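> only the shape, not the letters, is given here:
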Ligand code: SAM
């Protein structure tokens, strides 16, 4: 007979499969590596215990400090836009819960992640280490400035909304590198994906989104 913990694990596995089928595949995400990563990463462990049963729902959830863990579908399309093959060094701005960080760590060589709130960074780091990820570097600070000491990056993902794409991030992207970021005002944005060609960013918009603010030198004011 199964223990309570084993049955609980099965329950979340089923919820995860359903999430990938109905929220992600059904809306057109095709990258099999992204789908596999989202099937594997235990999203419920990145939210507080009282919210675990809602972790696979089609919506963002609060994680403290007025911040959120992004909706699964948004995590999927942003990750897919980076076209990761496995050998990239990726910068993530806005660690938040650490869930997106785990997805990136499954798909790239190394993830550099920056978070503004120490409480969130600490919690994310704990869970990511507990889950056994060894290819992540963490930094507390203003990610709108990028991470100069370890730049350039093959890919950059910003998981908070910016008024425009921060120039330091464009500068810290390798030629041929990709960036994905929500751009707009405090209340509504569009997801922008860009590729750096001949030193310039060629951009394309994906879809309308609503993210919390990127607060920093190249973001919004507090
Ligand atoms: N990717 C996260 C996840 O999976 O949980 C979602 C992150 S949440 C939507 C955005 C995060 O960006 C918040 O944790 C917020 O504190 C952080 N943030 C906002 N401005 C920042 C900045 N200038 N530098 C670093 N992090 C920032």
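That came through fine. Keep in mind it's a predicted model, so treat the numbers as computed, not measured.
> ok, longest strand in this protein?
Among the segments of the chain that qualify as a strand by DSSP state E, the longest is strand 173-184.
> that one near the ligand anywhere?
No. Under the criterion of Cβ under 6 Å from any ligand atom, the ligand is not reached by strand 173-184; the shortest gap measures 9.0 Å. Glycine gets a C-beta too; all of them are placed from N, C-alpha and C.
> residues contacting residue 127?
45, 46, 98 (Cβ atoms under 8 Å, 6 or more residues apart in numbering).
> so which of these belong to strands?
Short answer: the contacts of residue 127 have none in strands (DSSP E).
> from the contact counts, what lies against the longest strand of the chain?
When contacts are defined as 3 or more Cβ pairs under 8 Å, 6 or more residues apart in numbering; DSSP states H and E, strand 173-184 sits against helix 72-81, strand 153-158, helix 167-171, strand 189-197, strand 200-209.
> what about the residue nearest to residue 87 when sequence neighbours are not counted, how many neighbours?
Distances taken as Cβ to Cβ, 6 or more residues apart in numbering put residue 109 closest to residue 87, at 5.1 Å, once the chain neighbours are dropped. A count of neighbours around residue 109, defined by other Cβ atoms under 10 Å, yields 14.
> from what I can see residue 109 touches residue 88, true?
Yes. Under the criterion of Cβ atoms under 8 Å, residue 109 makes contact with residue 88 at 5.9 Å.
> ok, and the most crowded of the contacts of residue 127?
Using other Cβ under 10 Å as the neighbour test, the contacts of residue 127 are led by residue 98, with 30 neighbours.
> quick one: contacts for that one?
Neighbouring residues of residue 98 by Cβ under 8 Å, 6+ apart: 46, 113, 123, 124, 125, 127, 128.
> great, nothing more from me.
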